[in-house]
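Just need the structure, nothing else, for what follows:
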Amino acid sequence: MTLTHIPARTGDWIDFDAEGVDLRFTIFGRSSSSKPMKCGFYHFRSGNSIDFDYQYDEFKYIVDGEMSLNVRGDRIYQVKKGDCLLIDKGTFIGYSTSSECVMYYVSQAQD
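Numbering: from 1, shown residues only. Predicted coordinates:
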């Protein structure tokens, strides 16, 4: 068994190349198991919609702000600080915000 301690305020912000949107995320940790997990923060600022086609399951917690999620063009969710999201592999989501939104995430994304 292994425990990885990740001290507060560590991790590098990575620019996410999305035209018209200032989005940065950071990876704070990554497990070494046969089903690797990673976690970190997304910081969305106002701009155009960003689309994600999830190839993995992901959990998100809205730390601050609010956001609109357009799921496959079928349903729009308005999420805000304190809300949680469980996203199944195969889900397609368009993210947008008129202000900004910070989300903490945990996923089993394959690199």
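
Mean pLDDT per helix and strand in this protein: which one sits at the bottom?
strand 23-30 (a mean of 62; mean pLDDT, DSSP states H and E).

after that strand comes which helix or strand?
Using DSSP states H and E, the next helix or strand after strand 23-30 towards the C-terminus is strand 38-45.

helices or strands up against that next one?
The helices and strands touching strand 38-45, judged by 3 or more CB pairs under 8 Å, 6 or more residues apart in numbering; DSSP states H and E, are strand 23-30, strand 58-71, strand 100-107. All C-beta atoms are positioned from the backbone trio N, CA, C, and that covers glycine.

Could you find the closest non-adjacent residue to S68?
The shortest distance from S68 to any non-neighbouring residue, by CB to CB, 6 or more residues apart in numbering, is to S96 (5.1 Å).

Settle this for me: that neighbour is touching I50, isn't it.
Yes: counting by CB atoms under 8 Å, I50 is a contact partner of S96 at 7.4 Å.

remind me which residues of this protein are low pLDDT?
Along the chain, the model assigns pLDDT under 70 to residues 1-35, 48, 109-111.

Tell me, how many residues neighbour R75?
8 (other CB atoms under 10 Å).

Ignore what I typed, I meant E66.
Counted with other CB under 10 Å, E66 comes out at 15.

Could you do the one 3 residues further on as well?
Residue neighbour count, defined by other CB under 10 Å, stands at 20 for L69.

hey, what's it bridged with?
Note on L69: beta-bridge partners Y77, Y95, judged by DSSP bridges.

do the same with I50
Y95.

wait, it sits on C101?
No: with contact defined as CB under 8 Å, I50 and C101 do not form a contacting pair (11.4 Å).

So for those two, which residue has more residues nearby?
Using other CB under 10 Å as the criterion, I50 and C101 rank with C101 on top: 24 against 18.
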